[in-house]
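1. Would you be able to build a 3D model of this:
(one chain, ligands or ions: 1)
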Amino acid sequence: MLETSRMRTKITAAITAIGGYVPEDKLTNADLEKIVETNDEWIQTRTGIKERRILRGEGLATSDLVVPAVRAVCEKRGISPEDIDVLIVATVTPDMMFPSTANLACHKLGAKNAWGFDLAAACSGFLFALTTGASLIESGRYRRVVVVGADKMTSIVDYTDRTTCILFGDGAGAVLLEPNIEGYGVLDSILKTDGSGAKYLNLKAGGSLRPASHETVDNKEHFAYQEGQAVFKFAVVGMADASYELMQRNNLTADDIAWLVPHQANKRIIDATANRMGLPQEKIMMNIERYGNTTAATIPLCLWDYRKQLNKGDNLVLAAFGGGFTWGATLIKWAM
Ligand code: UT7
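-> Okay, here's the model as predicted:
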């Protein structure tokens, strides 16, 4: 009896609006064929990517991806940026080292009553930020938390390195979290980090370890570095294991899950995760062919793309793997 009443009054963080933004400019596989020694066939079979979006223009940065995504959320929910309590921006391509991109975006949005911060967990950034934002709602302290995944990956891509430059694109996706007492929203998460994986996927310079110098620039240490095959092996295991464990501990079978919402790094990693969960192809959200890997933005951009196909009560498993290493899975009961 006591347990029942406790469950009824438990506050969860429900997603009550979603927004996304990708720049107009496209970088196709054919465009890349003119820049590096590659070809459309290789890129499509190895990654599933056909094109990516590129934020071009002087003075434009990650906050310029965040702002339209958050505006879309506010419009959808019929609120003003001034109604936002907290803005969390998951990114590894902040406008500057400081102030935070969240800080700059709040200013551009006119979100005068919000505080905010950036969260760096690479491709798992949105999942880490979502659980962080959900905790702020569950605590009862805040009523409107906006969580954004945004990256201007083209700012850290070396367009002479064919092994990485074909992968990444720019974009942002945002969700509004609000309190719910009917059991909808963020229900569970398994989140992991393992710093021993740093050597396989990193951006070496510009931090306190290797401040910018002529040497770091000459060595191209301000670009993303990835040992693709090594990351691939960890990603397949990490993403699939976390998703499977999340299903098990919530007593969910494949039939109970409406959608897998995976980080879009490689179609083969996504398929391996879906296989482990026993999910058919039609339950997997996929837009890697149009946007490439937008790092922290992939998962919210999937939710944004598929929003019209989501129904109230749907169980969604969000899954990611990224640099750090960071990885995890989150269970959501869709509230809209
Ligand atoms: O989002 C964060 C987490 N990141 C990931 O999850 C990414 C995980 N890794 C991957 O998705 C894959 O490793 C990649 C898509 C990055 C690469 O695919 P791969 O099947 O692992 O290729 P590979 O690196 O083993 O390269 C195979 C061959 C090599 O040639 P040789 O040595 O066999 O002659 C490469 O030099 O393909 C060559 N290659 C290319 N060829 C044409 C590498 N890049 C290209 C290219 N175009 N762009």
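2. and Met41, what pLDDT?
-> Not Met; residue 41 is Glu. Each residue has a pLDDT score; the one for Glu41 is 98.
3. Just the strands from the chain, written as ranges.
-> Here the chain has its strands, by DSSP state E, at 12-21, 26-28, 51-53, 86-90, 115-119, 145-152, 170-180, 185-193, 201-202, 225-226, 259-262, 315-322, 326-333.
4. For the last one, what is the distance to the chain centroid?
-> Between the mean C-alpha point of strand 326-333 and the mean C-alpha point of its chain there is a distance of 11 Å (CA atoms, centre = their mean, to the nearest Å).
5. Tell me which other helices or strands it touches.
-> If you count contacts as 3 or more CB pairs under 8 Å, 6 or more residues apart in numbering; DSSP states H and E, strand 326-333 packs onto helix 125-138, strand 185-193, helix 228-249, strand 315-322. Quick note: C-beta positions are derived from backbone N, CA and C, even for glycine.
6. Give me the contact list for the second one.
-> The list of residues contacting strand 185-193 from outside it, by CB atoms under 8 Å, 6 or more residues apart in numbering, reads 12-15, 121, 124, 127-128, 130-131, 134, 177, 238, 242, 245-246, 249-250, 324-333, 335.
7. Mind putting the strands of the chain into CSV with mean neighbour count?
-> CSV is the format used below for these (neighbours: other CB atoms under 10 Å):
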stretch, mean neighbour count
strand 12-21, 24
strand 26-28, 16
strand 51-53, 24
strand 86-90, 29
strand 115-119, 20
strand 145-152, 33
strand 170-180, 28
strand 185-193, 19
strand 201-202, 20
strand 225-226, 19
strand 259-262, 25
strand 315-322, 27
strand 326-333, 26
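8. Could you dump these into TSV with distance to Ile299 and mean pLDDT added?
-> Shown next, in TSV, are the strands of the chain (distance: least, CB to CB, whole Å; pLDDT from 0 to 100):
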stretch	distance to Ile299	mean pLDDT
strand 12-21	11	98
strand 26-28	21	98
strand 51-53	16	98
strand 86-90	10	99
strand 115-119	14	98
strand 145-152	6	99
strand 170-180	7	98
strand 185-193	13	98
strand 201-202	18	98
strand 225-226	19	98
strand 259-262	6	98
strand 315-322	5	98
strand 326-333	9	98
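9. would CSV of those with distance to the ligand be doable?
-> Converted to CSV, the strands of the chain look like this (distance: least, CB to the nearest ligand atom, whole Å):
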stretch, distance to the ligand
strand 12-21, 18
strand 26-28, 13
strand 51-53, 13
strand 86-90, 13
strand 115-119, 16
strand 145-152, 10
strand 170-180, 13
strand 185-193, 14
strand 201-202, 6
strand 225-226, 6
strand 259-262, 10
strand 315-322, 4
strand 326-333, 9
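10. Distance to Leu109 added to these, as TSV?
-> Shown next, in TSV, are the strands of the chain (distance: least, CB to CB, whole Å):
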stretch	distance to Leu109
strand 12-21	12
strand 26-28	26
strand 51-53	21
strand 86-90	8
strand 115-119	10
strand 145-152	9
strand 170-180	11
strand 185-193	23
strand 201-202	31
strand 225-226	33
strand 259-262	26
strand 315-322	25
strand 326-333	25
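11. Looking at these, which is nearest to Arg71?
-> In terms of CB to CB, the element of these nearest to Arg71 is strand 12-21, at 7.1 Å.
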